[in-house]
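Asker: my questions concern the predicted model and sequence given below.
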Amino acid sequence: MNVKKAAESVGISEHTIRYYDKSGLFPFIERDNNGYRDFKVEDLYWLEFIKCMRQTHMPVSKLKEIAELYDQGRSTVLERKKIFIEHQDNLIKQKELIDQALKTLDDKFKLLEKEDDC
C-alpha cells in the first residue's frame, strides 16, 4: 500500500511518514517500480510501534537505532532489549511523577471545595 493508505491505516500524517523515512526508520520497506514506498502489513505493525513510542517521547534517534539493529538480524536481540528496558524504566519514572502530580491536584481540588463551602 502507498504512503497515503498507510498513514490513514495507522492514523498519522503522510508528512510524518516521510519524515520518519528520511530519518532512516524504514530501512526495510520496499519500493515499487516507480520508487514509491510499498507498505506491507508487517510494515504497518512497525509504523504502529513507532507511533506508540513517539507518543511516549522516545527520540527518533533511538528508533533509528532500533531499526538498524532489527535490520542486522537476530544477533542484535539483546541490544534491542536493552533499549526497550531503558525506555520502560523512563516511562515508569514518568508515570510516578504524573501520579504524584495527580495526587497533588486532587488535594488542591479538595481544598478548593472546602473554601467553596464556606
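Answerer: Yep, it's here. Numbers count the residues shown, from 1 in each chain.

Asker: report the rounded mean pLDDT for stretch 57-65.
Answerer: When pLDDT is averaged over stretch 57-65, the result is 96.

Asker: got it, and stretch 45-52?
Answerer: Averaged across stretch 45-52, the pLDDT comes to 97.

Asker: how far does it sit from its chain's centre?
Answerer: The gap between where stretch 45-52 is centred and where its chain is centred comes out at 6 Å by C-alpha atoms, centre = their mean, to the nearest Å.

Asker: show me what contacts the most centrally placed residue in the chain?
Answerer: For the chain, the residue nearest the mean C-alpha position is Met53 (1.9 Å; C-alpha atoms, centre = their mean). Shown in contact with Met53 (C-beta atoms under 8 Å, 6 or more residues apart in numbering): Lys62, Leu63, His87. (Glycine included, C-beta is placed from N, CA and C.)

Asker: may I ask which of these has the most neighbours?
Answerer: For the contacts of Met53, the largest number of neighbours (other C-beta atoms under 10 Å) sits with Leu63, at 20 neighbours.

Asker: is that residue in a helix, a strand, or coil?
Answerer: Three-state assignment for Leu63 (DSSP: H, G, I helix; E, B strand; the rest coil): helix.
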